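one predicted model, sequence on top.
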Amino acid sequence: MLIVDDEIHFVKAVKKMVDWLQLGISNVYVAYNPTAAERIFEVQEIHILLCDIEMPQRSGLELLKWMREKGIRTVPVLMTCHADFHYAQEAVRLGCSNYLLKPLTKEELEAALCKAADAVKREQELADAQRVKNWWSRQQDINHERFWLDVLNETIPAVSEIFAKEAAARQVSLPADSLVLPVLMIIRGWQQDFLVRDRKLLEYGLKNAGKEMLGRLTLGSVVVPAGNDAWLLIVPVEQEQLENGLAIMCSRLVEFCRVHLYCELYCYGGRPVEGHELPALLAQLHNLDRDNVTGIHYVALNEAKRLAAAPPALPDMSGWAAMMRQGVKERLQEEVRACIHGLRDQTGIDGDYLRALKENFLQMAHAVLQQQGVQAHLMFCDEESLRLAEAASRSLTDLERWLAHVIMKAVNTTHPSSISDVIERATRYIVSNLDQNLSRETTANHVYLHPDYLTRLFKKELCCTIPEYILQERIKLARQLLIHSELPVSAVAMATGYSNFSHFAKLFKAQSGLSPIEFRQHGRGAPLAKSK
């Protein structure tokens, strides 16, 4: 309890007047103005406030306003020397438990404090009951999630009798006919890169949004993990209640996730089944997602079966191969784009169809590249190519993105603007890596050409082989380092790609007519010896 009054003798009299332990009050604090009282409120939990209204500078009513703004749930009892109606009216508005007139009798004060103490106990009992209710609700949610996870993982066997027995043992309430309607929710992409912590928060928001928006169909809905970026909403339904309104709810959830959770959500509605049938149905819903290549954000299982049809024939790629060989990049891209857009309006297009189209195109591209002497397996092993290839069978959009990538790399490699561009890329690679283990194979791999073919280009354009060019550039760099730096000769050898000093010295003398040491001694003040 806290007593606030500017009359020190009155406060002392009150403390002596009341039997605090009999009232159940163990600690009594004192403040002689509202400012001091606020400091006590900031460090102590006060259950009852006995406060004078009329005090210098600030009144007791102002203290009550401050407490209300701060959300402090102390039970106040106010005192005053004047029976002012407006005081009493304001005190009631601010939640005052009692309004006493000074001077106080012991009986009046104890009666007011007993009433306040009873109010505190009632509020504490209500708060305790609410905490127990919230705890029990959370435990029930956790219990339900664990139960359904065990069902999906088939820890609980998919047998009706065992399912019902386990549900009863875990106190999982089910509809009278035990039917549930599953909705698979899958995130296919995020609008931007998020930190792991932020991703978890957004995923938590998705689970709550799904349960709130889709779970309106029936109370008792549960959301459980169903794979990477995937969750299964399990909605209890009655026998006659099917998926009415589910498509509308899913569309709203998809839009909510796009705007507020920055992700692209896809939903797949199942059919009402008994709980033990969920694992098999979940596999069917995942298959719906795998085959959803046209970008439909909500697919119902019954509609997917009704709309299923034989896929169209795979496109003839002989014309595409001719365009790739000729280097007609823009025309080839237009043809491929038109083909993909035409597939969007056809039925029977699924993941298997996209995988077959992708493999056919890749086989065609490899054949064309092989004819051009290009090492195709090297060209498409970079991180971006692998990422696009992995996603290519996910949707028509992803397939179109991968096809454009393959066409660009293949045509740009087989039909550079000139042979000199290929030579420039190869020589730039050599000059930039003179300290590495260079060879004609590593150089040819860098420009995706066969070593024999690139060697022919070097002889035609530079009148030397690839190893001869590498040697020339290394000796040139060694001369510069010997003249213009103080590096030890062994360090110069390492910088030019030779770990064996004797081998370096032998090659250098064969090319320069002098040993590296002689070249450094005489070359800084004398003309250089001519290369052989």
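Perfect, thanks for sending it. Residues are numbered from 1 along each chain as shown.

low pLDDT regions in the stretch 301-450 of the chain?
For the stretch 301-450 of the chain, the stretches with pLDDT under 70 are 304-308, 375-378, 414-418.

and for the stretch 1-150 of the chain?
For the stretch 1-150 of the chain, residues meeting the criterion pLDDT under 70 lie at 82-95, 97, 133-139.

how about the strands in it?
Secondary structure of the stretch 1-150 of the chain by DSSP state E, counting those that start in this stretch: the strands cover 2-4, 29-31, 48-52, 75-80, 98-101.

select, out of those, the one closest to L202.
Of all these, it is strand 75-80 that lies closest to L202, at 42.3 Å by CB to CB. Where C-beta positions appear, they are placed from N, C-alpha and C, glycine not excepted.

residues touching the closest one, excluding its own?
5, 47-54, 60-61, 64, 67, 87, 91, 94-102, 104, 112-113, 116, 119-120, 123 (CB atoms under 8 Å, 6 or more residues apart in numbering).

buried ones only from those, please, as a PyMOL command.
A single PyMOL command suffices to select whichever of the contacts of strand 75-80 are buried according to 16 or more other CB atoms under 10 Å:
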select buried, resi 5+47+48+49+50+51+52+53+54+60+61+64+67+87+91+94+96+97+98+99+100+104+112+113+116+120
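
now the element after the helix or strand encompassing V422, going C-ward?
Under the criterion of DSSP states H and E, V422 resides in helix 419-432. Where DSSP H and E defines the elements, the next helix or strand beyond helix 419-432 is helix 440-446.

in that following helix, what's buried?
440, 442-446.

counting by contacts, list what that helix packs against.
helix 419-432, helix 451-462, helix 466-484 (3 or more CB pairs under 8 Å, 6 or more residues apart in numbering; DSSP states H and E).

name the helices or strands packed onto the shortest one?
Spelled out, it's helix 451-462. Counting contacts by 3+ CB pairs under 8 Å, 6+ apart, helix 451-462 is packed against helix 419-432, helix 440-446, helix 466-484.

try it again at 6 Å.
Applying 3 or more CB pairs under 6 Å, 6 or more residues apart in numbering; DSSP states H and E, we find helix 451-462 packed against helix 440-446.

with just CA atoms, put the helix it packs on into PDB.
Output of helix 440-446 as PDB, limited to C-alpha atoms (Å, rounded to 0.1, in the frame of the first residue of the first chain):
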ATOM      1  CA  ARG A 440      46.200 -24.800 -73.200                       C
ATOM      2  CA  GLU A 441      43.400 -26.800 -71.500                       C
ATOM      3  CA  THR A 442      42.700 -24.300 -68.800                       C
ATOM      4  CA  THR A 443      42.800 -21.400 -71.300                       C
ATOM      5  CA  ALA A 444      40.400 -23.200 -73.700                       C
ATOM      6  CA  ASN A 445      38.000 -24.000 -70.800                       C
ATOM      7  CA  HIS A 446      37.800 -20.400 -69.900                       C
END
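
circling back to that earlier point, relative to helix 466-484, how tilted is the helix holding V422?
Using axes from the mean of the first three to the mean of the last three CA atoms, to 10 degrees, the inter-axis angle of helix 419-432 relative to helix 466-484 is 50 degrees.

strands paired with the longest strand seen in the chain, and their directions?
In the chain, with assignment by DSSP state E, the single longest strand is strand 179-190. Next to strand 179-190 in the sheet, as set by DSSP bridges, lie strand 230-237 (antiparallel), strand 263-269 (antiparallel), strand 273-274 (antiparallel).

got a list of contacts for the shortest one?
Which is strand 273-274. With CB atoms under 6 Å, 6 or more residues apart in numbering as the test, strand 273-274 has contacts from 178, 281.

related to what we said a few turns ago, among the strands paired with strand 179-190, which comes closest to G295?
With CB to CB as the criterion, G295 lies closest to strand 263-269 of the strands paired with strand 179-190, at 8.7 Å.

what mean pLDDT does that closest one get?
Averaged over strand 263-269, pLDDT sits at 92.

hey, C-alpha coordinates of it in CSV?
What follows is strand 263-269 as a C-alpha-only set of coordinates in CSV (Å, rounded to 0.1, in the frame of the first residue of the first chain):
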residue,chain,number,x,y,z
CYS,A,263,6.0,-13.6,-50.4
GLU,A,264,4.3,-15.5,-53.3
LEU,A,265,1.9,-18.0,-51.8
TYR,A,266,0.2,-20.9,-53.5
CYS,A,267,-2.7,-22.8,-51.9
TYR,A,268,-4.0,-26.3,-52.7
GLY,A,269,-7.4,-27.4,-51.4
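
now do it: everything it contacts.
Strand 263-269 has contacts (CB under 6 Å, 6+ apart) with 183-190, 243, 246, 250, 254, 257, 285, 288-289, 297-300.

picking that back up, show me which positions of the longest strand of the chain end up buried.
179-188.

follow-up on the earlier one: need the strands paired with strand 179-190 in TSV with distance to I72 and mean neighbour count, can you?
Formatted as TSV, the strands paired with strand 179-190 follow (distance: least, CB to CB, whole Å; neighbours: other CB atoms under 10 Å):
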stretch	distance to I72	mean neighbour count
strand 230-237	41	23
strand 263-269	41	23
strand 273-274	53	16
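
can you say which of the ones you listed is nearest to V422?
strand 263-269 (40.8 Å).

what about the closest one, distance to the chain center?
Distance of strand 263-269 from the chain centroid (CA atoms, centre = their mean, to the nearest Å) equals 15 Å.

rewinding a little: for the helix or strand just after the longest strand of the chain, name the packing helices and strands.
Later in the chain than strand 179-190, the nearest helix or strand by DSSP H and E is helix 196-213. The criterion is 3+ CB pairs under 6 Å, 6+ apart, and the helices and strands that helix 196-213 contacts are strand 222-225, helix 246-260.

what are the buried residues along helix 196-213?
Counting neighbours by 16+ other CB under 10 Å, one finds that the buried residues in helix 196-213 are 199, 202-203, 206, 209-211.

farthest-separated two in the residues you listed?
R199 and K211 (18.8 Å).

how far does the longest helix anywhere in the chain sit from the chain's center?
Counting by DSSP state H, the longest helix found in the chain is helix 106-152. Offset of helix 106-152 from its chain centre (CA atoms, centre = their mean): 36 Å.

got the angle for that helix vs strand 48-52?
Counting by the same axes, to 10 degrees, helix 106-152 lies at 140 degrees to strand 48-52.

for H450, what are its contacts?
So H450 contacts G373 (CB under 6 Å, 6+ apart).

just read off the phi/psi values of it.
Per-residue torsions, H450: phi -70, psi 140 (degrees, to the nearest 10).

follow-up on the earlier one: now, among the buried residues of helix 440-446, which is nearest to A169?
Distances from A169 to the buried residues of helix 440-446, taken by CB to CB, are shortest for N445, at 63.7 Å.

and the residue most central in space within the chain, how far from V259?
Nearest to the geometric centre of the chain sits R199, at 3.4 Å (CA atoms, centre = their mean). Using CB to CB, to the nearest Å, we find R199 at a distance of 17 Å from V259.

rewinding a little: with distance to N228 added, can I get the buried residues of helix 440-446 in a markdown table?
Formatted as a markdown table, these follow (distance: CB to CB, whole Å):
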| residue | distance to N228 |
| --- | --- |
| R440 | 44 |
| T442 | 38 |
| T443 | 41 |
| A444 | 40 |
| N445 | 35 |
| H446 | 36 |
